[in-house]
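**Q** build the 3D model from these lines:
(chains A and B)
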Amino acid sequence: MPHPTFPFILILIFGAVVLGVSYYLSSKFGRISHDVEDYFTMNKQLRAKQLGASFLAADMSIATVVLALGVVGYQFGFWAAVWITICWLVGTGLFLLLIRKPPLAAHLKAGSTLHEAIGSAYDQSGGWPVVRLSASAVTIIVFFFTIGVEFFAGYVVFSKLPGGIAPFICAITIALVVVLFTVAGGYRGTTNINIPRLVLVLLSFIILGFIGVRYQIHYLPGQAHLIFGSLHLDVSWMVGIVIALIPAQLAAMDMWQRCVAAGGDFSQIRRGLLGAMPMYAVWLVPPYLGALARLLQLPAFNIEDTKLNYIVLDVLGKVHPVGVWWSYLWQPLLYAGIIATIGCTADSLLNAMTFTGVFDIYLVLKKVDPNTLTHKQKTDLLSTAKLAVAMAGIASLGVLFIGLFEARIYDLVAALFSVQVILFWPVLFIICGRKKLLNWAPKIACCGLAFGMFSALIFLILAITLHQRSLMDYAPLAATVTTGSFYAVLFVRAPKKAAS
Amino acid sequence: MNRKESKILVYSFSALVNIFLGLIMTKLLDTFLANLHDHKLSPGQYCAFITVALIVVHSFIVFFKLSADGGYAFVLAGSPFKYVMRLLVATLAIMVWLYSMAFWFSLTTLYYIAASVALAFFWMMFDWMSVQMIKAYIKAPRVERVGVDGAMRANGVAALLRLARLWLCCDAMLTVLMTLTWWAFKKNKFGGDMEAALVASTLFIVTAFLVGHIVRVELPEGRIVCAEVNNEKLSPRVEDASCVPYP
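**A** The predicted model follows:
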């Protein structure tokens, strides 16, 4: 019988190996980058396989998938998670469809950022680029908190680990190593390590699924119908998910960065994204465990509703497999996969956030055109970018602390998506209004983003303070309707471009 | 103030800081050895000791590197007197506080974390005053300035201003994170004293590493001195100092 802390030590060793190898490989690939464009866009050399791996890796988030989807499975049932996955994939399809349209395709090929594309349509030439800056601020706020939530999820995982000690230190250490290898590797480094990390992540999902199925077969035979439940879902919730998830891809800077890194080559983008889609089946493993937890909700199991974040981990604790292989191999592998998952999402978002910060805020405020920079200045900007990555990553640890006081991961994730979707409208109207002069009122465009953000936040604050969870479903709706209304007015009243 | 007098001022300032750092180190070792002899130190207090020791050594290295740079002497000698005095007061506050921490590390973890919050705040104030002083130097009438070529000096000062601003960002971040650590510890959110002390130490060490990195990147050996002497030796960043407005 091993000492109670021995499996924990093994987990730490496996985790250290994952982080160490990630750091080594990332910094090895990162050394190739000698200027800021290479650092953020791999000199536009991203191929389909890497793009697909990057897309999948960023979406295999511990907070969004392992913990939040587990909560969805527990609260709304297994089919709710299927609906979420379908909406996400439809959103990806919509993204694929719309980025081919002018002028988005031209912006992608030119290597512009998402906010630059928005700014070019809504900001007046020669004036202060308020819309570009506002859109960039939205992305930075959303990504900053998402990275923090991801690090906080690491704390949640280690706080529920049997025999585990100092979960906060574990979470902080993981966060700092992730920041370190993102700084060292940049987009090139972190993208090149995605495939080995993904293998580990998928293996950990398979282990999770296997544990659930094995328990169900042995202890709950013939009760699959109770786990999967009925297909009946609340319509308002379903609409909320459609509104929050389908536009999310088009509003996401990390997705845009991937496409820019692929040089706007549509065939590479399509092959990469479509190739990754079947892998999203593993998204259904955590909700399956969540649904299993619903079935296990017996006094003996004592699963408290107030600690929904832990639902998948609670199931893992209750359905705790035994045996030498579990302690010595499967459990360390599972947690190593979870650590890799934190890295996959956090580095992707950190790169996208800093890309936005450097190109859409820093250079814009300095009034420097990146195309006119000399090679020396680009190299110099690289050190600024690295510093920005480090500072943003360390600052996001603040969210980890906030999570100690208000720890509803699902709520936080929902809050972030609600805010992010507001960028969908400016992008959509760029495509619809390509024959119109949309920059006739930048203030309206700017107010649309600000009011959309605030309306979502009002619903989220009300939901948390009044303890009315259902109010949260209306946050994306409020954000979408508010921002959409402003941009619809902007679009309808926009004068037509003069034929040249 | 001529070049020689400015050097005397800088050397006096550096000597004062280094004497204080030496005193702090002595006090720290003294407290450590006394407690070690009485077997009073817990693992959390060992963490606190190592952190305070690293902070003192790191402060010494950073200050040494900064005081060896010509631009620092220019700004210190050419700024209005009241700004120099404010900076001196801020430096003394940090030193006195570090001296107190050399004693407090052996008290409870709460004392150590609360003292760390105050230290982070003092650092932030010091950086803010440095930024104010450099701005005052830039705005001061030309006759008060020491140096040779205005444009070259401007480049050096711009690099120094950028360095101070980056430090300010780092220390503001540290102050917020340390305050959150203290708050979380007060609310019993950590697993124990050891974990809280380790979190505080990690945050301090990471910020110290970041500050050291900023100094290495922004202030390579004698860069600003080179800027005074030979424009060709300017590093790309200093050449790009046109980003910072200079009257």
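**Q** burial measure for A:A262, as a count.
**A** 25 (other CB atoms under 10 Å in any protein chain shown). (Each C-beta comes from the backbone N, C-alpha and C, glycine too.)
**Q** A:R270 is in contact with that one, correct?
**A** No. Applying CB atoms under 8 Å, one finds A:A262 not in contact with A:R270, separated by 10.0 Å.
**Q** which parts of the stretch 301-450 of chain A sit against chain B?
**A** A:366, A:368, A:376-377, A:379-380, A:383, A:387, A:390-391, A:394-395, A:397-398, A:401-402, A:404-405 (CB under 8 Å from any CB of the partner chain).
**Q** could you redo the last one with a cut-off of 10 Å?
**A** A:362-363, A:365-368, A:373-381, A:383-384, A:386-388, A:390-392, A:394-395, A:397-405 (CB under 10 Å from any CB of the partner chain).
**Q** in helices only, show me those.
**A** A:363, A:365, A:375-381, A:383-384, A:386-388, A:390-392, A:394-395, A:397-405 (DSSP state H).
**Q** just name the shakiest helix or strand of the chain by mean pLDDT.
**A** Just going to use chain A. Ranking every helix and strand in chain A by mean pLDDT, DSSP states H and E puts helix A:224-228 at the bottom, with a mean of 66.
**Q** name the helices or strands packed onto whatever helix or strand comes next after it?
**A** Using DSSP states H and E, the helix or strand that directly follows helix A:224-228 along the chain is helix A:235-245. The contact analysis (3 or more CB pairs under 10 Å, 6 or more residues apart in numbering or on different chains; DSSP states H and E) places helix A:235-245 against helix A:70-75, helix A:78-98, helix A:409-420, helix A:474-492.
**Q** ok and helix A:235-245 relative to helix A:78-98, angle-wise?
**A** Angle, helix A:235-245 to helix A:78-98, by axes from the mean of the first three to the mean of the last three CA atoms, to 10 degrees: 40 degrees.
**Q** and helix A:235-245, which residues are buried?
**A** A:W237, A:M238, A:G240, A:I241, A:V242, A:I243, A:A244, A:L245 (16 or more other CB atoms under 10 Å in any protein chain shown).
**Q** and the last one, what pLDDT?
**A** pLDDT for A:L245: 87.
**Q** do I have it right that it meets A:V72?
**A** No. In this structure A:L245 lies outside contact range of A:V72 using CB atoms under 10 Å: 11.9 Å.
**Q** sketch out the low-pLDDT regions of chain B for me.
**A** Regions of chain B meeting the criterion pLDDT under 70 cover residues B:1-7, B:39, B:68-71, B:73, B:140-156, B:219-247.
**Q** hey, where'd the strands end up in it?
**A** Under the criterion DSSP state E, chain B contains no strands.
**Q** thinking again about what came up before, need the winner for burial among the helices and strands packed on helix A:235-245.
**A** helix A:70-75 (a mean of 26; mean count of other CB atoms under 10 Å in any protein chain shown).
**Q** could you give the mean pLDDT of it?
**A** Mean pLDDT, helix A:70-75: 84.
**Q** can you check stretch A:265-285 too?
**A** On average, stretch A:265-285 scores 92.
**Q** and the end-to-end length of it?
**A** Using CA to CA, to the nearest Å, the gap from the first to the last residue of stretch A:265-285 comes to 33 Å.
**Q** please identify the buried residues of that stretch?
**A** Applying 16+ other CB under 10 Å to stretch A:265-285 flags A:265-266, A:268-269, A:271-273, A:275-277, A:279-280, A:282-285 as buried.
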